[in-house]
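**Student:** how does the following fold in three dimensions:
(one chain, ligands or ions: 2)
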Amino acid sequence: MIKAVRGFKDILPGETGKWVYLEGLARRLFNAYGFREIRTPILEKTELFARSIGEATDIVEKEMYTFLDRNKESVTLRPEATAGICRAVIEHGLYAKAKVLKLFTMGPMFRHERPQKGRLRQFHQFNAEVFGSHTPGTDAEVIALAMDILEAGGAKDLRLEINSLGCPECRPDFRENLRKFLRDNADKLCEDCKRRTERNPLRALDCKKESCQAVYVNAPLIEEFWCEDCRKHFARVLEELELLGLDYVKNPRLVRGLDYYVRTTFEIKARGLGAQDTVAAGGRYDGLLKALGGPDIPGVGFAIGVERFLLVANLPEGLERGLDLFVAALGEEAKRKILSLVRSLRQNGFSVDLDHEGRSLKAQLKTANRLKARYTLILGENELKEKVALLRDMATGEQETLSLAGLEKELIKRLS
Ligand code: ATP
Ligand code: MG
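**Tutor:** Numbers count the residues shown, from 1 in each chain. Ligands and ions are numbered 1, 2, ... in the order given. Okay, the predicted model is just below:
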């Protein structure tokens, strides 16, 4: 038996209803906040991710699905959405058409990680990106949108953690200071963090190992290095969050796994997720578009992990809608009589099914129940003779007799 690739999961009927529901509410909120949808390819040139996410990040160092295509070009299955969206924004000059460009997308991402609860190799994200705004108000708005989507999905006990990573003005000082701290404590650090010390010291703070985190309790804090502009920006973001009625927790050690972030960074955590408790994450990436060969336009965005969202969502019952109508046509003649009506009801948007196998009425009623049909229309030889059909309400078992003349109109009245 051929099985799916490890870390790649089928989303089966029964689960897809939840996905459609979450996608629908996300789409509604993206629209409500004035975001427009963009869909970029899942395959991009490897260079795009190496240049945007950063060579010395976990994603680029060890998580990307990279391979040579048949023309020996190195391509990569996207590990995140921002890089591809930036590429598209530059390639199509989208920034020229709007001063502030708000985009969203949803779809699969790919990372070669160890599969576990809340961690897959193909997973899905809802992404929002805003280009062209430097103002802290935009950061707060983006955060509010992420929170609203999660809350609309019934996620409870959300915890918004926020920090500022400084900017190219002030971060280098911090980076050097942190590097020195890491070197001084090298004997207590894991191999990864030793490597990060030289290549990308900020990444060390994101290490998942407790032994390293125990050391970082005493690490220098970025807030001690913020320049005046970064300090003001952060204060204003917090103020706007308060105006929006959003609670937050300042986390001075929060860093992100991607190099392009500056200033505001945030994560939204949810209870009940275990070790992988971050359901959404994002921040500002002002230098990214320029680094990718585009204009010097700032950006800010987030990604919600849909699989983790599903783990904490509280979804309404009955997302998998049953049939509106099951048609039990008994015998060839009955089927001939009813087929065009079935098609017409379907064209009108009603979900209607019928039995093509010529099974008994009992068997067909069983099928109707299994398909959660609201009504079953029964048409047998007797009914045909009398030019009627029986409409059975599956919840109550009550049956009424409808004349075949004008049947469609009567059915539409009841099903609507
Ligand atoms: P983590 O620290 O959990 O590895 P990350 O920093 O790598 O997360 P981001 O790149 O910020 O994650 O992605 C944003 C969100 O996408 C995460 O908060 C999470 O909900 C989801 N996500 C990331 N990687 C995976 C994965 N392998 N499987 C499922 N969801 C994921
Ligand atoms: Mg990760």
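
**Student:** from T278, how far off is the residue in the stretch 251-400 of the chain that ligand 1 sits nearest to?
**Tutor:** Nearest residue of the stretch 251-400 of the chain to ligand 1 (CB to the nearest ligand atom) works out as G305 at 2.1 Å. Quick note: C-beta positions are derived from backbone N, CA and C, even for glycine. Plainly put, G305 is 8 Å away from T278 if you go by CB to CB, to the nearest Å.

**Student:** looking at these two, which is more packed in?
**Tutor:** G305 (22 against 16; other CB atoms under 10 Å).

**Student:** residue contacts, the closest residue to G153 other than its chain neighbours?
**Tutor:** Nearest residue to G153, sequence neighbours excluded (CB to CB, 6 or more residues apart in numbering): A313, at 4.1 Å. Contact analysis of A313 by CB atoms under 8 Å, 6 or more residues apart in numbering lists K18, L22, G153, G154, A155.

**Student:** just those: which are in helices?
**Tutor:** Applying DSSP state H to those, the entries found in helices are K18, L22.

**Student:** touching ligand 1 at all, the helix or strand hosting Q213?
**Tutor:** Following DSSP states H and E, one finds Q213 within helix 210-216. No: Helix 210-216 is not in contact with ligand 1 by CB under 6 Å from any ligand atom; minimum separation 13.0 Å.

**Student:** next helix or strand past that helix?
**Tutor:** Criterion used, DSSP H and E; the element after helix 210-216 is helix 228-243.

**Student:** with just CA atoms, put that following helix into CSV.
**Tutor:** The C-alpha trace of helix 228-243 is given here as CSV (Å, rounded to 0.1, in the frame of the first residue of the first chain):
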residue,chain,number,x,y,z
GLU,A,228,14.4,57.0,20.2
ASP,A,229,12.3,56.2,17.1
CYS,A,230,11.9,52.6,17.9
ARG,A,231,11.0,53.4,21.5
LYS,A,232,8.3,55.8,20.3
HIS,A,233,7.0,53.4,17.7
PHE,A,234,6.6,50.6,20.2
ALA,A,235,4.9,52.9,22.8
ARG,A,236,2.4,54.0,20.1
VAL,A,237,1.7,50.5,19.0
LEU,A,238,0.8,49.6,22.6
GLU,A,239,-1.3,52.7,23.0
GLU,A,240,-3.3,51.8,19.8
LEU,A,241,-3.8,48.2,21.1
GLU,A,242,-5.2,49.7,24.2
LEU,A,243,-7.5,51.9,22.2
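
**Student:** quickly list what the closest residue to ligand 1 within the stretch 1-150 of the chain is bridged to.
**Tutor:** Among the residues of the stretch 1-150 of the chain, F123 lies nearest to ligand 1; the distance is 3.3 Å by CB to the nearest ligand atom. Taking DSSP bridges as the rule, F123 bridges to M109.

**Student:** I figured it hits P108, correct?
**Tutor:** Yes: when contacts are counted by CB atoms under 8 Å, F123 is listed as touching P108 (7.0 Å).

**Student:** these two - which one has more neighbours?
**Tutor:** F123 (21 against 15).

**Student:** which ones are touching that one?
**Tutor:** For F123, the contact set (CB under 8 Å, 6+ apart) comprises P108, M109, R111, G305, V306, E307.

**Student:** how near is it to V306?
**Tutor:** 7 Å.

**Student:** one more: K337?
**Tutor:** 46 Å.

**Student:** neighbour-wise, which of those two wins?
**Tutor:** Set K337 next to V306 and count neighbours by other CB under 10 Å: V306 wins out with 25 against 18.

**Student:** nearest residue to the more buried one other than its sequence neighbours?
**Tutor:** Per CB to CB, 6+ apart, closest to V306 is H124, 4.0 Å.

**Student:** thinking again about what came up before, buried sites along the helix holding Q213?
**Tutor:** C212, V215, Y216 (16 or more other CB atoms under 10 Å).

**Student:** closest to ligand 1 among those residues?
**Tutor:** For the buried residues of helix 210-216, the nearest to ligand 1 is C212 (14.0 Å; CB to the nearest ligand atom).

**Student:** report the contact partners of the closest one.
**Tutor:** K188, L189, C190, C193, A204.

**Student:** how many residues are close by L160?
**Tutor:** 20.

**Student:** partner residues bridging it?
**Tutor:** Applying DSSP bridges, one finds that L160 bridges with I268.

**Student:** mind checking how far the nearest residue to F110 once chain neighbours are set aside is from E383?
**Tutor:** Spatially, and ignoring its direct neighbours in sequence, F110 is nearest to L77 (3.8 Å; CB to CB, 6+ apart). Distance, L77 to E383, by CB to CB: 57 Å.

**Student:** how is this protein carved up into domains?
**Tutor:** Domain assignment for the chain, taken from automatic domain parsing, gives 16-170+226-312, 325-415.

**Student:** next, format the ones you listed as a markdown table and append mean pLDDT.
**Tutor:** Formatted as a markdown table, the domains of the chain follow (pLDDT from 0 to 100):
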| stretch | mean pLDDT |
| --- | --- |
| domain 16-170+226-312 | 94 |
| domain 325-415 | 95 |
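
**Student:** out of the ones you listed, which is the most enclosed?
**Tutor:** Counting by mean count of other CB atoms under 10 Å, domain 16-170+226-312 has the highest mean neighbour count of these, with a mean of 19.
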